[in-house]
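Participant: Have a look at this prediction, sequence included:
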Amino acid sequence: MSIPQPFIQELLARVDVVDIVGRHVPLKKSGANYMGLCPFHGEKSPSFSVSPSKQFYHCFGCGKNGNAIGFLMEHAGMGFIEAVQDLAQGVGLAVPDERASPEERERAAGERRRQATLSEVLEHAASAWQKQLRRAPRAVQYLKGRGLSGQIAKRYGLGYAPEGWHGLASVFAEYDSPLLAEAGLVIVAEDEDRRYDRFRDRIMFPIRNVRGECIGFGGRVLGDEKPKYLNSPETPVFHKGRELYGLHEARTAIREHGHALVTEGYMDVVALAQHGFGNAVATLGTACTSEHIHKLFRFTDDVVFSFDGDAAGRRAARKALEAALPYASDTRTVRFLFLPPEHDPDSFIREHGSEAFARLLDEALPLSRFLPEAAGEDCDLGTAEGRVRMLSNAQPLWAALPEEALKHQLLVQLAQAGQLPVRELQELWARAGARTGRAGAAAAPPAAGAPGDAPRRFGRRGPPRPSQPPLPRAPLAGRADHAARLLLSHMHFLEELSHEDHALLREQPPPHGPLFVWLESRLHEHGPQSWAVLREALEGHACQELAERLLTGSHAQTEGDERELRWELRDLLNRELIEAIKREQSELIETAEGDPQALARYRQLQERRRLLETAPRPGA
C-alpha cells in the first residue's frame, strides 16, 4: 500500500495530537501546552509535553518526540499504515492507495468496514458478558477464590457467559445474523437449521488488539470440565498466531518494567497483574510464533518467557526459543524462567507471593545458557556420542542467530561443551552446510584466537571461500552519510537495530535525520525494499537529492559480505553513541558539585563507553 504524501499532510492537519495522546496519557494544561507523565519511561514528575500549536509531543526526560502518527507507532506498537488508518477512521477519511485500482480500493474499504463491524459485534458481546458477571455470584466467587480483585477484572474486561444454548439471543436482536457466526460467537450446525452460543457457563476473557479493539475471546470453565479453555476461532479480525492476550493492557507496564513477560494462559496474565506484574502477556492456545516475538520487540528490547514447570512447559519454551532466535541480536535480551514442575505462574505467585516470583525472574536463564541446555537435553556429555548428538541438535539453532557477537560467543561455548576446537567445529558445520545447502549454516565470525584469518562465507554448495576484503570508504564521507548508504542499500538492516539505534538515527540533523525517519516509516509500511524501489518512492521527496547523491558514484558500492557490512553499520552507530556519551559526561562534570547523582551517572556512562570502545570493530 502506498499512501500519497498530501493525504498524510491532510490527515495530520485534521487530527489533534492532544486528543490522540490524551486517550492514553492523562494530560493537564500548563501554559500554552499540556503536560503529563511520559508513557515511554518511568517518572514521578511530568516531563512529557504536548503542543497544540506545533501538533507535536516531546519528553524532556527520555527525548521521545513526534506527531500523532509517530505516537501511535511508538506507544501502541502500530505499523505506519495501521496508525494512519486508525487516525483516518477517527476523522472520517478513507485512506487512498495511489497504486491501487478503483476496484481494489473499494474492496479494501469494504474489508475495513467489515472488520470494524465484526469488532463492534464482539465489543457488544463483551459488554453484555461483563454485566452478566455482576449478576453471577458463582462466577464472582470463582474469581475471588483465584485471588482476583474487582479492579483487575474491570481492567481486563472479564465477563461471564451464562448457561444455556441461546444466551446471546437476548443480547442481539438478530440472533440469526451471519455476523454472529462470522465473529465466532455462534456455531451454525451443518444442516443450517440450528445455531447455538459457542461460549456457555464460562469466565470470559476479551482479547484485544494493540488499538484496544475486541477481536476475540477466551472462555474458562468454572470447574474441571473439558475443554478447560475455549478460544474464538480464526476470523477476519482474529488470528491467534499474531495476537497476544493482554498486550493492549500491558503496554505501559512493559515500558515501566523494562521487559515483557510471556506466559501461556489468561489466568497467568491476570494473576500476575494482580500481584504487580502488569507487563505479562500470553499466547492464545498456540506455540509462540515469530510474529509474536516481532510484535513484542516493538515495545521492548527484553523478553522473558515464563512457562509452566512441567514437560509441556519445557516444550513450549523450546518452541519460543526457536521463534526468538532470528531476533536475538546483541542489543536484545531473551530470557527463560522455569518454575517448579507443580506450578504455573498463576499458582506460584498465589502460593509464594510477588517477592519469590521476582527472585525467580532475576534468575531467569539467558538465551546463551538455555540454547546449549536445550540442545544437550537427553545427551550424555560424558561420551563422544552424546557430545556429537548435542552439537547436531545445536547447529540449526545456532545457525538461526543473527550474525553478531552473541553468535560467536555461543560458537565458543558449544565448542567447549563438545570438546572440539572452535575452528574445527566451525569448519565441520560449514561443510555440513555446504552439503545440504542450508543458508547461514555456519556464517560465523572468525574463530577466537585466529585474528589473522579472513572471515569465511558459508551456506553455499561447494567449499567455503574467503569473503571480500572491506571496501574502501570515501575519505570525506561522514558517519551519517555512510550509515544512510548502508541502510538504503540493505534496508533489512533496520529491522535488526535497537530502539536506541533508531532514536540515534532519527535525531541526526537534517538532511540525514528526515531521511532515516522516512526510511523507518517506509519499512513499517512496506517491509524491506531494494534501492531501485526506494529510488522511485523518493521521487519529488525532500530527501531525494541526498539519497541519490549517496547512492551514486564508485564510493556508493556497498556490495559484499553482509556480515562485514553489518559490522560496519554497528561500528558507525557505536562511534556515534560514544560521542553522545562524551557530551553527556562533559555536562555531568560541570554539575558534579551541586548534584550528588552526577558522579554515579558518570561512572555508569564510563562503563558503557568502555564496552562500546572495546567492542569488535569491522574486520577485527
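Facilitator: Arrived safely, thanks for sending. Numbers count the residues shown, from 1 in each chain.
Participant: drop to CA atoms for contacts and neighbour counts, all remaining ones
Facilitator: OK.
Participant: Would you point out the helix or strand in this protein whose mean pLDDT is lowest?
Facilitator: Lowest by mean pLDDT, DSSP states H and E among the helices and strands of the chain is strand 456-457, with a mean of 26.
Participant: Keeping just the C-alphas, turn stretch 176-183 into PDB.
Facilitator: Output of stretch 176-183 as PDB, limited to C-alpha atoms (Å, rounded to 0.1, in the frame of the first residue of the first chain):
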ATOM      1  CA  ASP A 176     -29.700 -15.500  13.100                       C
ATOM      2  CA  SER A 177     -27.400 -12.800  11.700                       C
ATOM      3  CA  PRO A 178     -24.400 -14.200   9.800                       C
ATOM      4  CA  LEU A 179     -22.200 -11.700  11.600                       C
ATOM      5  CA  LEU A 180     -22.500 -13.600  14.900                       C
ATOM      6  CA  ALA A 181     -21.200 -16.800  13.200                       C
ATOM      7  CA  GLU A 182     -18.500 -14.800  11.300                       C
ATOM      8  CA  ALA A 183     -17.400 -13.200  14.600                       C
END
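Participant: what does it contact?
Facilitator: 118, 121-122, 186-188, 195, 216, 235 (C-alpha atoms under 8 Å, 6 or more residues apart in numbering).
Participant: quick one: average confidence on that stretch?
Facilitator: For stretch 176-183, mean pLDDT is 93.
Participant: Go through that stretch and flag the buried ones.
Facilitator: Neighbour-count burial for stretch 176-183, counted by 16 or more other C-alpha atoms under 10 Å, picks out 179-183.
Participant: so which of the residues you listed comes closest to residue 145?
Facilitator: Within the buried residues of stretch 176-183, proximity to residue 145 (C-alpha to C-alpha) peaks at residue 183, which comes in at 31.3 Å.
Participant: Now name the helix or strand holding residue 19.
Facilitator: According to DSSP states H and E, residue 19 maps onto helix 17-22.
Participant: which of the residues in that helix are buried?
Facilitator: Buried, per 16+ other C-alpha under 10 Å, within helix 17-22: 17-18, 20-21.
Participant: which other helices and strands contact that helix?
Facilitator: On a contact count with 3 or more C-alpha pairs under 8 Å, 6 or more residues apart in numbering; DSSP states H and E, helix 17-22 meets strand 48-51, helix 68-75.
Participant: what's in contact with that helix?
Facilitator: Contacts for helix 17-22 (C-alpha under 8 Å, 6+ apart): 34, 50-52, 55-57, 67-68, 71.
Participant: With secondary structure, pLDDT and neighbour count added, can I get the contacts of stretch 176-183 in a markdown table?
Facilitator: Listed next are the contacts of stretch 176-183 as a markdown table, based on DSSP: H, G, I helix; E, B strand; the rest coil; pLDDT from 0 to 100; neighbours: other C-alpha atoms under 10 Å:
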| residue | secondary structure | pLDDT | neighbour count |
| --- | --- | --- | --- |
| 118 | helix | 91 | 23 |
| 121 | helix | 95 | 18 |
| 122 | helix | 96 | 24 |
| 186 | strand | 95 | 22 |
| 187 | strand | 94 | 17 |
| 188 | strand | 91 | 18 |
| 195 | strand | 91 | 17 |
| 216 | strand | 95 | 28 |
| 235 | coil | 92 | 16 |
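Participant: what's the closest of those residues to residue 343?
Facilitator: When these are compared against residue 343 (criterion: C-alpha to C-alpha), the nearest one is residue 216, at 27.5 Å.
Participant: hang on, residue 42 packs against residue 256?
Facilitator: Yes. Counting by C-alpha atoms under 8 Å, residue 42 touches residue 256, with 5.3 Å between them.
Participant: For residue 84, see how far away the most far-flung residue of the chain relative to its centre is.
Facilitator: Farthest-out residue of the chain from its mean C-alpha position, per C-alpha atoms, centre = their mean: residue 193, at 44.4 Å. Counting by C-alpha to C-alpha, to the nearest Å, the gap from residue 193 to residue 84 is 43 Å.
Participant: same thing with residue 14?
Facilitator: 12 Å.
Participant: Between these two, which has more neighbouring residues?
Facilitator: More crowded of residue 14 and residue 84, by other C-alpha atoms under 10 Å: residue 84, with 22 against 14.
Participant: on that earlier part again, counting neighbours, which of the contacts of helix 17-22 end up buried?
Facilitator: Applying 16+ other C-alpha under 10 Å to the contacts of helix 17-22 flags 34, 50-51, 55-57, 67-68, 71 as buried.
Participant: For residue 592, state which of the residues you listed is nearest.
Facilitator: residue 57 (30.3 Å).
Participant: would you say the closest one is within a helix?
Facilitator: No. Going by DSSP: H, G, I helix; E, B strand; the rest coil, the assignment for residue 57 is strand, not a helix.
Participant: returning to what we had before: which one of the contacts of stretch 176-183 is nearest to residue 30?
Facilitator: residue 122 (39.1 Å).
Participant: Isn't that closest one up against residue 216?
Facilitator: Yes. Using C-alpha under 8 Å, residue 122 is in contact with residue 216, at 6.8 Å.
Participant: Tell me which stretches of the stretch 301-450 of the chain form strands.
Facilitator: 302-307, 333-338, 365-366 (DSSP state E, counting those that start in this stretch).
Participant: Where does pLDDT dip in the stretch 151-300 of the chain?
Facilitator: For the stretch 151-300 of the chain, residues meeting the criterion pLDDT under 70 lie at 192.
Participant: ranges for the strands of it?
Facilitator: 159-161, 186-188, 195-197, 202-208, 214-221, 229-231, 260-263, 280-282.
Participant: Among the ones you listed, which comes closest to residue 343?
Facilitator: Proximity to residue 343, assessed across those by C-alpha to C-alpha, is greatest for strand 260-263 (12.5 Å).
Participant: In terms of secondary structure, what does the closest one contact?
Facilitator: Contact partners of strand 260-263 among helices and strands, from 3+ C-alpha pairs under 8 Å, 6+ apart: strand 280-282, strand 302-307.
Participant: which helices and strands does the first one pack with?
Facilitator: Secondary structure elements in contact with strand 280-282, counted by 3+ C-alpha pairs under 8 Å, 6+ apart, are helix 247-257, strand 260-263, helix 266-274.
Participant: residues in contact with that strand?
Facilitator: 244-247, 250, 254, 260-266, 268-269, 272-273.
Participant: Kindly format the C-alpha coordinates of stretch 10-21 as PDB.
Facilitator: Output of stretch 10-21 as PDB, limited to C-alpha atoms (Å, rounded to 0.1, in the frame of the first residue of the first chain):
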ATOM      1  CA  GLU A  10      -4.200  16.500   5.300                       C
ATOM      2  CA  LEU A  11      -4.700  13.800   8.000                       C
ATOM      3  CA  LEU A  12      -2.200  15.500  10.400                       C
ATOM      4  CA  ALA A  13      -4.000  18.800   9.800                       C
ATOM      5  CA  ARG A  14      -7.300  17.300  10.800                       C
ATOM      6  CA  VAL A  15      -6.400  15.300  13.900                       C
ATOM      7  CA  ASP A  16      -5.500  16.900  17.200                       C
ATOM      8  CA  VAL A  17      -2.300  15.400  18.800                       C
ATOM      9  CA  VAL A  18      -3.600  16.500  22.200                       C
ATOM     10  CA  ASP A  19      -6.700  14.400  21.800                       C
ATOM     11  CA  ILE A  20      -4.800  11.400  20.400                       C
ATOM     12  CA  VAL A  21      -2.200  11.400  23.200                       C
END
